[in-house]
Structure formats: C-alpha cells, structure tokens
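Engineer: got a structure for you, letters missing:
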C-alpha cells in the first residue's frame with residue numbers, strides 16, 4: 001500500500017471513529033428532543049395546558065411556593081379573594097384575570113371583573129355571568145351607593161338599574177369607594193393557598209422548558225445547543241465519509 005493511500009485510510013478511520021461516538025451521544029440527545037417535541041405537537045389532544053404539576057420537588061425546582069398572607073374582601077359574609085390571576089368566592093374558583101371588586105345588592109352580591117359582572121345569590125350561588133358592554137375600558141371598582149343604586153367605576157362612572165340590565169353614565173364625582181381587604185380566616189386561606197399551588201404550573205410549560213433545556217438552567221440550554229451541534233457534526237462528517245469512500249472506489253476502479 002502506498003504512503004498516500006495509508007494516510008487516507010488513517011484519516012478516514014479517525015473520522016469514522018469520531019462520527020461513531022458523536023452518533024452515540026447525539027442519539028440520546030436526539031431521543032430527548034424527539035420525545036418532548038412529539039408530546040408538544042399534541043398539546044391540545046393531551047390537554048397539557050390543563051394538566052397541572054402536583055409533584056412538590058418539581059414545583060420547588062421552579063421556585064413556586066404556596067401564597068401566604070392572603071387577603072380578601074368580605075361581602076355579605078362571603079369572601080372575594082385574588083391570588084395571582086386566580087379569583088375565588090369563598091373557596092370556589094370563579095375565574096382568571098383581575099377582580100375589580102364586589103358589592104351587595106338586594107338579591108345577593110355582584111363581583112366585577114375588568115370586562116364583566118358575575119351575579120350571586122346570598123348563598124354565593126352563581127346566577128349569571130354578564131359581559132359589560134357599556135364601555136370598552138376596563139372596570140376598576142364597584143360599590144353600593146348610599147341611595148341604594150349600584151355604581152360601577154372605570155374611566156367613566158355608571159349606575160345600574162336593579163336588574164343589572166341597563167347602565168347609565170353619570171358625572172365623575174359619583175365615586176366608588178376603595179376596596180377594603182382583610183386577612184382571610186385561617187382555614188379558608190389554607191384551602192385557597194393549596195388550590196393556587198396546585199394550579200401554578202402546567203405540564204405544557206414543563207415540556208417546553210425540558211425541550212429547550214431551560215428546565216436545567218444554563219447547563220440545560222448548553223446541552224440543547226450541544227445536541228444541535230452534534231447533529232450538525234454528524235451530517236457533515238457523514239457527507240465527508242461518503243465523499244472520501246466514493247473517491248476511493250473510483251480510484252480503485
């Protein structure tokens with residue numbers, strides 16, 4: 001064998017060796033990316049955004065803790081509480097977003113959100129959920145006026161009729177009082193805190209972070225980058241090996 005052919009064979013063998021070991025490592029990383037990618041591709045079918053993490057170690061990994069010192073608004077013996085974007089009437093979750101307040105009425109009480117009103121009986125049973133269409137601006141407050149009418153505040157002020165079917169604009173000097181938040185009873189605070197914790201992290205976010213490597217911090221992101229680099233290396237080295245072998249076959253013929 002000529003020295004030239006010997007050097008070519010040595011280079012080809014060395015490249016093939018690197019190609020093989022890079023392939024073994026890349027196969028594991030590619031399997032991780034493939035599995036998480038396929039799961040994320042079926043997020044809606046698997047309802048990953050509606051399935052929540054209960055494992056405490058995983059919640060701790062994200063730094064998620066149960067809320068403390070919860071405060072709420074006592075309205076007719078019932079509690080309106082907001083924690084993060086979750087809103088509760090007593091211990092019942094009633095919606096996501098931002099609550100503007102609550103006010104007593106002759107039939108029960110009303111909870112105001114940024115763009116809608118919820119009507120409850122005196123026993124805190126939801127009667128109706130009404131979109132507030134009198135203005136496109138977000139609501140900022142609601143209160144029972146001294147003369148018995150309901151005042152709804154936003155960029156403008158509105159007075160509601162007794163059935164909450166019509167709303168009349170009034171002068172800006174008709175003010176809705178500030179909300180008065182108080183510490184929750186201990187048992188209620190524990191129930192709400194536990195429920196908020198159980199709905200703080202869904203599996204879709206976990207899989208997204210796992211797929212991108214963010215779940216393991218900086219090291220995880222570098223690992224994802226290495227996986228991509230190895231796959232690129234495999235593709236390039238595979239092309240080089242094929243080209244060198246094809247050239248060797250042509251010379252042999």
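Structural biologist: Thanks, I have the structure now. As the structure is a computational prediction, the values presented were derived from the model and not from experiment.
Engineer: domains for this structure, by residue range?
Structural biologist: Domains of the chain are assigned by automatic domain parsing as 3-62+204-252, 71-198.
Engineer: Could I get the full set of helices for the chain?
Structural biologist: 3-41, 43-46, 56-61, 186-198, 203-212, 217-252 (DSSP state H).
Engineer: Check these for me: which has the lowest mean pLDDT.
Structural biologist: Mean pLDDT is lowest for helix 3-41 among these, at a mean of 66.
Engineer: so what's residue 171 up against?
Structural biologist: Residue 171 is in contact with residue 157, counting by Cβ atoms under 8 Å, 6 or more residues apart in numbering. Using the backbone N, CA and C atoms, a C-beta is placed for each residue, glycine as well.
Engineer: should've said residue 36
Structural biologist: Contacts for residue 36 (Cβ under 8 Å, 6+ apart) come out as 207, 210-211.
Engineer: do residue 183 as well
Structural biologist: 69-71, 189.
Engineer: mind running it again at 10 Å?
Structural biologist: If you count contacts by Cβ atoms under 10 Å, 6 or more residues apart in numbering, residue 183 has them with 69-72, 189.
Engineer: Quick one: those as CSV, columns for distance to residue 47 and neighbour count too.
Structural biologist: As requested, those are exported to CSV (distance: Cβ to Cβ, whole Å; neighbours: other Cβ atoms under 10 Å):
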residue, distance to residue 47, neighbour count
69, 33, 8
70, 28, 21
71, 33, 15
72, 30, 25
189, 30, 22
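Engineer: and those residues, which of them are in strands?
Structural biologist: With strands taken from DSSP state E, the overlap with the contacts of residue 183 comprises 71-72.
Engineer: got the contacts of residue 183 as CSV, with distance to residue 111 columns?
Structural biologist: Converted to CSV, the contacts of residue 183 look like this (distance: Cβ to Cβ, whole Å):
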residue, distance to residue 111
69, 22
70, 17
71, 16
72, 12
189, 19
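Engineer: so where's the stretch 51-200 of the chain shaky on pLDDT?
Structural biologist: 146-148, 162-163, 172-178 (pLDDT under 70).
Engineer: Comparing the domains of the chain, which comes out most buried?
Structural biologist: domain 71-198 (a mean of 16; mean count of other Cβ atoms under 10 Å).
Engineer: start to end distance for it?
Structural biologist: For domain 71-198, the separation between the terminal residues is 19 Å (Cα to Cα, to the nearest Å).
Engineer: Now do it: distance to the chain's middle.
Structural biologist: Put simply, domain 71-198 sits 25 Å off its chain's centre (Cα atoms, centre = their mean, to the nearest Å).
Engineer: ok, now stretch 29-46?
Structural biologist: Taking Cα atoms, centre = their mean, one finds the center of stretch 29-46 at 18 Å from the center of the full chain.
Engineer: Likewise for stretch 70-90?
Structural biologist: From the chain centre to the centre of stretch 70-90 is a distance of 22 Å (Cα atoms, centre = their mean).
Engineer: now do stretch 42-56
Structural biologist: 11 Å.
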